[in-house]
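> pasting a predicted model and its sequence here:
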Amino acid sequence: MLFTATGAMAAVSNEAPDIQRIVSISPVPGSCQVEPATMVYLDSQGVRHTVNYQVMGTCQGGV
């Protein structure tokens, strides 16, 4: 799994991410496709981060 963070590239590693509070997460789409999604969070220093990633839709509606 690969996450692209604003201003940097972050690959999965052995370190846990420093997520203090999640500000927002894109809803999972109802499509049957892989769609872009975004998570915004604050780290323990109060710095805001945005992570863009791909998520598989829930396939509601059969389309």
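Yep, that arrived.
> when you work out contacts or count neighbours from here on, use the C-alpha atoms and nothing else.
OK.
> show me where pLDDT drops low in the chain?
1-13, 61-63 (pLDDT under 70).
> show me where it has strands.
Remark: strands assigned in the chain by DSSP state E are 2-5, 8-11, 21-25, 34-42, 48-56.
> tally up the residues packed near V23, please.
Number of residues near V23 (other Cα atoms under 10 Å) recorded here: 12.
> same question for T38.
Other residues lying near T38 total 16 when counted by other Cα under 10 Å.
> identify the bridge partners of it.
Note on T38: beta-bridge partners by DSSP bridges are N52.
> residues in contact with it?
S24, I25, S26, T50, V51, N52, Y53 (Cα atoms under 8 Å, 6 or more residues apart in numbering).
> so what's the residue count around the third one?
Neighbour count for S26, taken as other Cα under 10 Å: 12.
> do you know how far it is from L42?
Shown here: S26 relative to L42, a distance of 16 Å by Cα to Cα, to the nearest Å.
> and for the fourth one?
For T50, the distance to L42 under the criterion Cα to Cα works out to 9 Å.
> can you check the second one too?
Here I25 is placed at a distance of 12 Å from L42 (Cα to Cα).
> tell me which of those two has more neighbours.
L42 (16 against 13).
> identify the bridge partners of that one.
Counting by DSSP bridges, L42 forms beta bridges with R21, R48.
> quick check, P36 in contact with V51.
No: with contact defined as Cα atoms under 8 Å, P36 does not reach V51; the gap is 10.6 Å.
> which one's more surrounded, those two?
Neighbours were counted for P36 and for V51 using other Cα under 10 Å; V51 has more, 18 against 14.
> Y41: neighbour count?
Y41: 19 surrounding residues under other Cα under 10 Å.
> now do the one 3 residues further on
The number of residues packed around S44, counting by other Cα under 10 Å, is 11.
> so it touches I22, yeah?
No: between S44 and I22 there is no contact under Cα under 8 Å: 11.3 Å.
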